[in-house]
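Q: compute the structure for the input listed below.
(one chain, ligands or ions: 1)
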Amino acid sequence: MDDEELPRITPAHLRRGDDMCRRRLAREVHSGKRNVNQTANMRFAVSNRIEEDARLAQSELGPPRAEAFVEPYELEPEQRALYRAATRGYLDAFGDATAQIARLDFRTALPDLGVELSSNLGLAAELADGGRELRKVLVGAQRSARLVDPVETRVALVRTEEWAPIQLDIVVVDVIEQRRAKHTPDLESDRAEAREWIGDRVERVLELASDPRPRAGRDCQGCAFISGCAKHPG
Ligand code: SF4
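A: Here you go, the predicted model:
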């Protein structure tokens, strides 16, 4: 099977596939690149922009260049204020770190499971000493939320096998709330656990998606597949 045709599984599907509307789940899993979630893109406009500029700021080995963070005039005034605060938070957190940011793909094919894993891994920093650091930048997460999410971590472990074969730090920073967490996994045992967990969950998600009954509920908000849905006629 061509990679383009592989079902696409995201961390959200792994985490809450059992609770999702199955029609939405099935469409998201099987519509691949055609399903571009514009709503999410709008909501995360500021964090997307911070990530892009942070990438430019360290496109070559060195500390981040502050001038790469350019006021995003295409965004709303509130979003621009948030962007400025987020930039300050990012430079506070990583301003002294010499690194080069690599660009990792948005998806990784898992041929043995017959799917691809799709997620934003964050910023892939290659440090001066050869170390690998995955930076996840949050722009104002809920205070109660854990910074290091176990599902995202498992997906990151499986998706970075080639990029970070022997060492990996996962650093999550809320650049607005100025919270920071660092997780250093035991790559051998944690990757083995992650592969097994993801394998089990992928099997379950594909099973759920094979019976795409619509179920109206909170998933309807922001659903890209409301058109033609029997729960929302007309
Ligand atoms: S609109 Fe609601 S019921 Fe219909 S597919 Fe989307 S989430 Fe499911």
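Q: point to the residue nearest the middle of the chain.
A: Centroid-nearest residue in the chain: residue 120, 2.8 Å away (criterion: CA atoms, centre = their mean).
Q: need the nearest residue in space to that one, chain neighbours excluded.
A: residue 106 (6.8 Å; CB to CB, 6 or more residues apart in numbering). In this view, the C-beta of every residue, glycine as well, is placed from N, C-alpha and C.
Q: near the ligand, which residues of the chain?
A: Listed as neighbours of the ligand in the chain under the rule CB under 6 Å from any ligand atom: 21, 23-24, 214-216, 219-220, 223, 225-226, 229, 231-232.
Q: which of the residues you listed fall in strands?
A: Residues of those located in strands (DSSP state E): none.
Q: can you show me the helices along this structure?
A: Applying DSSP state H to the chain gives helices spanning 11-16, 22-30, 38-43, 45-57, 77-94, 150-159, 187-209.
Q: make a markdown table out of those and add mean pLDDT.
A: Putting the helices of the chain into a markdown table (pLDDT from 0 to 100) gives the following:
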| stretch | mean pLDDT |
| --- | --- |
| helix 11-16 | 96 |
| helix 22-30 | 95 |
| helix 38-43 | 46 |
| helix 45-57 | 93 |
| helix 77-94 | 93 |
| helix 150-159 | 97 |
| helix 187-209 | 98 |
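Q: any chance of those in CSV with mean neighbour count and distance to residue 65 as columns?
A: Output for those, formatted as CSV (neighbours: other CB atoms under 10 Å; distance: least, CB to CB, whole Å):
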stretch, mean neighbour count, distance to residue 65
helix 11-16, 18, 31
helix 22-30, 22, 37
helix 38-43, 11, 26
helix 45-57, 20, 5
helix 77-94, 18, 10
helix 150-159, 21, 26
helix 187-209, 16, 31
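Q: okay, these in TSV with distance to residue 63 next?
A: Output for those, formatted as TSV (distance: least, CB to CB, whole Å):
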stretch	distance to residue 63
helix 11-16	31
helix 22-30	39
helix 38-43	30
helix 45-57	9
helix 77-94	8
helix 150-159	24
helix 187-209	27
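Q: among those helices, which comes closest to residue 176?
A: Residue 176 lies closest, by CB to CB, to one member of those: helix 77-94, at 5.8 Å.
Q: which elements pack onto that closest one?
A: helix 45-57, strand 132-138, strand 169-174 (3 or more CB pairs under 8 Å, 6 or more residues apart in numbering; DSSP states H and E).
Q: return the distance of the first one from the chain's centre.
A: The reference is to helix 45-57. From the chain centre to the centre of helix 45-57 is a distance of 14 Å (CA atoms, centre = their mean, to the nearest Å).
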